[in-house]
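Chemist: have a look; sequence and predicted model below, questions after that.
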Amino acid sequence: MEKDASNMRSQCPMNCALEFFGDKWSLLIVRDLLFFHVRSFGQLLKMDEGISTGTLSSRISMLLQRGIISRNDCLDDKRAIEYRLSDKGRELEPVLVEMILWVAEHEMTDLPPKAVANLKQARSLSRAAAVATDAQQPADRN
């Protein structure tokens, strides 16, 4: 999907992010697809936060339109539909991890300390991989 800033209040990156994910449901859907490997409409409907069917339908449509998730036929049952994160959607993982870690450090959550430690370790491994990849890139001589 091409960028369309014509209906944004401003071109500020923070404003664009807030307008893109300005509702609580979109990031929770991404969370469930990413961390809990939820795949179906029915599974998403069962999230602890209690989303309605109408809201879920509209958020799925928006996430599909923006290229964050994809809609596929289920391999086991051709009548069923599966939702998965697209590459673009999977790129949100480090953002969500940082948000989760920030909240776990500063607010009361039910996230177990072991889960926080695992997320921190995954973040460190991800950063180390990025540094290693950058080190292998040829230097820009401009």
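Modeler: Sure thing, it's come through.
Chemist: next, the distance between the ends of stretch 65-74.
Modeler: Stretch 65-74 stretches 20 Å from its first residue to its last (Cα to Cα, to the nearest Å).
Chemist: tell me the strands in the protein, going along the chain?
Modeler: Assigned by DSSP state E, the strands in the chain fall at 69-73, 81-85.
Chemist: contact partners for the residue nearest to Trp25 when sequence neighbours are not counted?
Modeler: Excluding the flanking residues, the one nearest Trp25 by Cβ to Cβ, 6 or more residues apart in numbering is Arg59, at 4.7 Å. The way it works is simple: take the backbone N, C-alpha and C, and place the C-beta from them, glycine included. Taking Cβ atoms under 8 Å, 6 or more residues apart in numbering, we find Arg59 in contact with Asp23, Trp25, Ser26, Ile29, Ile51.
Chemist: all helices of the protein, in order?
Modeler: Listed in chain order, the helices of the chain (DSSP state H) span 13-20, 24-35, 41-45, 53-65, 87-90, 93-106, 113-136.
Chemist: circling back: among the strands of the chain, which is the most enclosed?
Modeler: Highest mean neighbour count among the strands of the chain (mean count of other Cβ atoms under 10 Å): strand 81-85, with a mean of 17.
Chemist: kindly export that one (C-alpha atoms) in PDB.
Modeler: C-alpha atoms of strand 81-85 as PDB (Å, rounded to 0.1, in the frame of the first residue of the first chain):
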ATOM      1  CA  ILE A  81      -9.700 -18.200   6.900                       C
ATOM      2  CA  GLU A  82      -6.400 -17.600   8.600                       C
ATOM      3  CA  TYR A  83      -4.800 -14.200   9.400                       C
ATOM      4  CA  ARG A  84      -1.100 -13.800   9.600                       C
ATOM      5  CA  LEU A  85       1.300 -10.900   9.900                       C
END
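Chemist: that strand - contacts with which helices or strands?
Modeler: If you count contacts as 3 or more Cβ pairs under 8 Å, 6 or more residues apart in numbering; DSSP states H and E, strand 81-85 packs onto helix 24-35, helix 41-45, strand 69-73.
Chemist: a markdown table for the strands of the chain, including distance to Glu19 and mean pLDDT?
Modeler: Shown next, in a markdown table, are those (distance: least, Cβ to Cβ, whole Å; pLDDT from 0 to 100):
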| stretch | distance to Glu19 | mean pLDDT |
| --- | --- | --- |
| strand 69-73 | 18 | 94 |
| strand 81-85 | 20 | 95 |
